[in-house]
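Peer 1: no sequence for this one, just the structure:
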């Protein structure tokens with residue numbers, strides 16, 4: 001009788017653990033993707049801005065100029081954006 005009860009509790013514990021692991025992994029995958037998509041879109045915007053700067057000036061921005069020189073090539077952006085972890089990009 002005690003063995004059946006212990007076995008039942010063990011099975012319930014294993015099932016709950018599997019469900020929690022599944023939910024945790026699913027949550028990690030979702031949150032990881034949201035960060036990646038934002039950064040990819042910002043990087044793509046910078047690639048386009050650098051291309052346009054190169055086309056207009058026949059050179060790349062210098063280290064001294066920094067990325068601020070690219071701001072005129074963005075629409076509706078007044079400052080260099082921050083990433084999902086609130087770090088200024090590309091410094």
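Peer 2: Yes, it's here. Everything quoted here is computed from the prediction, not taken from an experiment. Residues are numbered from 1 along each chain as shown.
Peer 1: neighbours around residue 46, how many?
Peer 2: Neighbourhood size, residue 46 [other CB atoms under 10 Å]: 18. Quick note: C-beta positions are derived from backbone N, CA and C, even for glycine.
Peer 1: measure it to residue 40 for me?
Peer 2: Separation of residue 46 from residue 40 (CB to CB, to the nearest Å) stands at 11 Å.
Peer 1: what does residue 18 give?
Peer 2: With the distance defined as CB to CB, residue 18 ends up 33 Å from residue 40.
Peer 1: what do you get for residue 16?
Peer 2: Separation of residue 16 from residue 40 (CB to CB) stands at 37 Å.
Peer 1: Which stretches in the protein count as helices?
Peer 2: For the chain, the helices defined by DSSP state H occupy 2-57.
Peer 1: where does it have low pLDDT?
Peer 2: For the chain, the stretches flagged by pLDDT under 70 are 1, 26-36, 76-91.
Peer 1: again, only this time at 50
Peer 2: Along the chain, segments meeting pLDDT under 50 span 91.
Peer 1: how many neighbours does residue 49 have?
Peer 2: Residue 49 has 19 nearby residues by other CB under 10 Å.
Peer 1: Who are the contact partners of it?
Peer 2: 70, 73-74 (CB atoms under 8 Å, 6 or more residues apart in numbering).
Peer 1: so which of the residues you listed is the most crowded?
Peer 2: residue 70 (20 neighbours).
Peer 1: That one contacts residue 53, correct?
Peer 2: Yes - Residue 70 is within contact range of residue 53, at 5.9 Å (criterion: CB atoms under 8 Å).
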